[in-house]
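Enquirer: Structure for the following, please:
(2 chains)
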Amino acid sequence: MEAIVKKRIKQVIKGDQDAFGEIVEIYKNSVYQLCYRMLGNRQEAEDIAQEAFLRAYVNIKSFNQDLKFSTWLFRIATNLCIDRLRKKKPDYYLDAEVAGTEGLTMYSQIPSETPLPETELESLELQETVQKEILKLPEKYRSAIVLKYIEDLSLNEISEILDLPLGTVKTRIHRGREALRQQLRYV
Amino acid sequence: MCPEQIIELMHQYLDEEIDSKEEQVLREHLQSCKECEEIFNELKKTVAFVKSISNMQAPPDFTANVLARLPKEKKQVLAARLLRNHPFLSAASLFVVLMMGSLFSTWNQDQEFSVSKQQNLVVKNNTVTVPKGEVVKGDVIVRNGKLKIEGEVQGNVTVIHGEKYLASAGHVTGQIDEVNEVFDWIWYQMKRSAKEVAGFFDQKEAK
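Expert: A predicted model of the protein is given here:
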């Protein structure tokens, strides 16, 4: 597969957009899913995933063909997601006072974290729960966890994608796993 | 409280980076410690949960949308693709190129004097004369020589790579063609083959 992609990249460099279409077909699901798990919104995920492919196309000449294309592509996509997350920092804060109330903060609006009833173990709801918990992770743990378990990548690849030392990647995955365990233990 | 090291071993286990000695230590501890065993199971469950949601598909028109946003393609590539997708077109263009080439080479090779065979044509030093008062029947073709027409030609006259003089008394019933350039030559060849093909069909019909 990597060989096919390499061949297509050479065609893309010559300006063949159909060859690029084939590359998009190969990676669209994983890039879209990466963006969706990072951002938690389908429309945004589609926007950013498209943007990632667009940037890959425009910068294809700077891609080092000795490396894995997916690593490069995931790096572009991850960076775009993190940029987007930083730009849309929440415009509300949990400890801000809710207008028209006295001493009542947004914390009181959050449902209590009591164990969920049995019926909610249904797969669709489980998926939503897991997605919600992933989105609660700080972005640095989130990207590591998503790349590891959603994209099923090796620690070495993740360290290349995130441009971080292997040890840092491990720490982030451990912390992410621990945080998720605390949230999902009663599910 | 259990040593922090045990939690670390759990993570090493989950990262598949635990050696058999360490795994032994972990397993022995888990058997003796309910609390750690629960944490370990929860971690494994968490991993399974996260893995279980990993099968999303991009929207159906995703690729088309990406391609629509790309900058315009180079013309060269478009032409190449046109030929690739329409083999007949490339076969035809190859044919034209080869035909032009062969015609071109015959044009350059063909330096010898020749003339169509008609009895009353007078040939002298690369000059063909239609004598005064004579009537030449059929088409007259002269290559690499001069043609003087003083009499009458009942047919077409073609001079390739040469000159023709039509005397005031001379008369040609058909068309007069002078071919002196490559493109004329090619055009002449094409007309001739077309005529041959047409003639072939005429003959068939006549039968």
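Enquirer: only C-alpha atoms for contact and neighbour calcs from this point on.
Expert: Fine.
Enquirer: Could you tell me the end-to-end distance of stretch B:134-154?
Expert: 11 Å (Cα to Cα, to the nearest Å).
Enquirer: name the element the residue sitting nearest the centre point of chain B belongs to?
Expert: Per Cα atoms, centre = their mean, the C-alpha nearest to the average position across chain B is that of B:Ser90, at 3.2 Å. If you go by DSSP states H and E, B:Ser90 is part of helix B:87-109.
Enquirer: which SS state does B:Val123 fall under?
Expert: Under the three-state scheme (DSSP: H, G, I helix; E, B strand; the rest coil), B:Val123 adopts strand.
Enquirer: Show me what it is bridged to.
Expert: Legend: beta-bridge partners of B:Val123 under DSSP bridges are B:Val128.
Enquirer: which other helices and strands contact the lengthiest helix in chain B?
Expert: Looking across chain B with DSSP state H, the single longest helix is helix B:182-206. Counting contacts by 3 or more Cα pairs under 8 Å, 6 or more residues apart in numbering or on different chains; DSSP states H and E, helix B:182-206 packs against helix B:87-109.
Enquirer: interface residues of chain A facing chain B?
Expert: Residues of chain A found near chain B (Cα under 8 Å from any Cα of the partner chain) are A:14-17, A:21, A:24-25, A:28-30, A:32-33, A:46, A:50, A:53-54, A:57, A:127, A:130-131, A:149-151, A:174, A:177-178, A:180-181, A:184-185.
Enquirer: where are the low-confidence patches of chain A?
Expert: A:89-122 (pLDDT under 70).
Enquirer: any chance you could map the helices in it?
Expert: Here chain A has its helices, by DSSP H, at A:2-13, A:17-39, A:42-58, A:69-87, A:123-136, A:139-145, A:155-162, A:166-184.
Enquirer: coming back round to it: buried ones only from the residues of chain A next to chain B, please, as a ChimeraX command.
Expert: Isolation of the buried members of the residues of chain A next to chain B (16 or more other Cα atoms under 10 Å in any protein chain shown) is achieved in ChimeraX through the command below:
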select /A:15,16,17,21,24,28,29,30,32,33,46,50,53,54,57,127,130,131,149,150,151,174,177,178,180,181,184
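Enquirer: pLDDT score for B:Ala92?
Expert: Per-residue confidence (pLDDT) for B:Ala92: 84.
Enquirer: show me where chain B has strands.
Expert: Here chain B has its strands, by DSSP state E, at B:114-115, B:122-124, B:127-130, B:135-137, B:140-143, B:146-149, B:152-154, B:157-160, B:163-166, B:171-172, B:176-179.
Enquirer: do you know which of these lies nearest B:Lys72?
Expert: With Cα to Cα as the criterion, B:Lys72 lies closest to strand B:176-179 of the strands of chain B, at 46.0 Å.
Enquirer: what is the mean pLDDT for that closest one?
Expert: Strand B:176-179 comes out at a mean pLDDT of 78.
Enquirer: tell me what it is packed against?
Expert: Contact here means 3+ Cα pairs under 8 Å, 6+ apart; on that basis strand B:176-179 packs against strand B:157-160.
Enquirer: Each with direction, which strands does the strand it packs on pair with?
Expert: In its sheet, and by DSSP bridges, strand B:157-160 pairs with strand B:140-143 (parallel), strand B:176-179 (parallel).
Enquirer: And it, how far out from the chain middle?
Expert: 36 Å (Cα atoms, centre = their mean, to the nearest Å).
Enquirer: Give me the contacts around that strand.
Expert: B:139-147, B:172, B:174-180, B:185 (Cα atoms under 8 Å, 6 or more residues apart in numbering or on different chains).
Enquirer: out of the strands paired with strand B:157-160, deepest packed?
Expert: Highest mean neighbour count of those: strand B:140-143, a mean of 21 (counted as mean count of other Cα atoms under 10 Å in any protein chain shown).
Enquirer: quick one: average confidence on it?
Expert: 83.
Enquirer: how distant is that strand from the center of its chain?
Expert: 37 Å.
Enquirer: what stretches of chain B score poorly on pLDDT?
Expert: Those would be B:1, B:73-78, B:107-111, B:204-207, if you go by pLDDT under 70 across chain B.
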